[in-house]
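Colleague: model this:
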Amino acid sequence: MLQKIKLEHILFLDIETVPEFENFNDLDKEKKLLWESKTQYQRKDDFTAKQFYDRAGIWAEFGKIVCISVGFFNFKNKNRSFRLTTFKGEERDLLQEFSLLLEEHFSKPQHLLCAHNGKEFDFPFIARRMLIHNLPLPTKLNLFGKKPWEVPHLDTLELWKFGDYKHYTSLKLLTNVLKIPSPKDDISGSDVRDVFYIEKDIARIVDYCEKDVLAIAQVVLKLRQENLLQASEVISVS
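Modeller: So this is what the prediction gives:
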């Protein structure tokens, strides 16, 4: 049961991704053809491969991670806090730093990773990009040979489905229906590409990503029927 998991054993996370290159024309000829083939079903005849390229960030083969935000609970003298931090910069570097965090602090059997739609997006995306960069997979992302019940991942989308696997609920909708306070964001996921490549404002992206991590933690608290985090309990560490 969710209530039996110690909150301090969970690492909450979210990633933000963009196309690997700013423009479709930056791809070599072979990659352009592969992109055209990969997206044919989604594009149909509505968009050309070039017009569709601004969505490349959702595929690990054509996108890249620009930041990984993480959060974890800390309990000291019955006082609760939630610490947020973000790995950003060159993708290979941030992946190495994230991997080091996992191996040094969240590699024990009781440790879990938690994200919203993480099993379909965040976890496999991170693992694929690590392998593309020829980096070893940390224990918590190396799922080869593991049975479903041995996978150390929590997914708030899956928890909310209650077995209804055709049902998708966005994090924004879920926080709304659960009456979790959500600060007004000045960007959405669809804006990240332009904020990164055109505005070159990684700070805005990090702020957006950390808010999602906090929201995921709040959802878990709500599902456990525990008190939500107050602003005074949240610590952002740069």
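Colleague: how about the strand ranked longest in the chain: buried residues?
Modeller: For the chain, the longest strand by residue count, based on DSSP state E, is strand 63-76. Neighbour-count burial for strand 63-76, counted by 16 or more other Cβ atoms under 10 Å, picks out G63, K64, I65, V66, C67, I68, S69, V70, G71, F72, F73. C-beta: built from backbone N, CA, C; applies to glycine.
Colleague: pLDDT wise, what is the fifth one at?
Modeller: What that stands for is C67. The model reports C67 with a pLDDT of 98.
Colleague: find the nearest non-adjacent residue to it, please.
Modeller: K88 (4.3 Å; Cβ to Cβ, 6 or more residues apart in numbering).
Colleague: and for the first one?
Modeller: With Cβ to Cβ, 6+ apart as the criterion, G63 has its nearest non-adjacent residue at 4.0 Å, and that residue is G57.
Colleague: helix/strand/coil for that neighbour?
Modeller: helix (DSSP: H, G, I helix; E, B strand; the rest coil).
Colleague: how about the one 3 residues further on?
Modeller: Of the three states, A60 takes coil under three-state DSSP.
Colleague: I'd like to know how far it sits from V195.
Modeller: Distance, A60 to V195, using Cβ to Cβ, to the nearest Å: 20 Å.
Colleague: cool, P124 as well?
Modeller: Counting by Cβ to Cβ - P124 and V195 are separated by 24 Å.
Colleague: for R55, same thing?
Modeller: Relative to V195, and taking Cβ to Cβ, R55 is found at 15 Å.
Colleague: so between those two, which is more surrounded?
Modeller: V195 (20 against 17; other Cβ atoms under 10 Å).
Colleague: mind pulling up the pLDDT for that one?
Modeller: 96.
Colleague: understood, closing this out.
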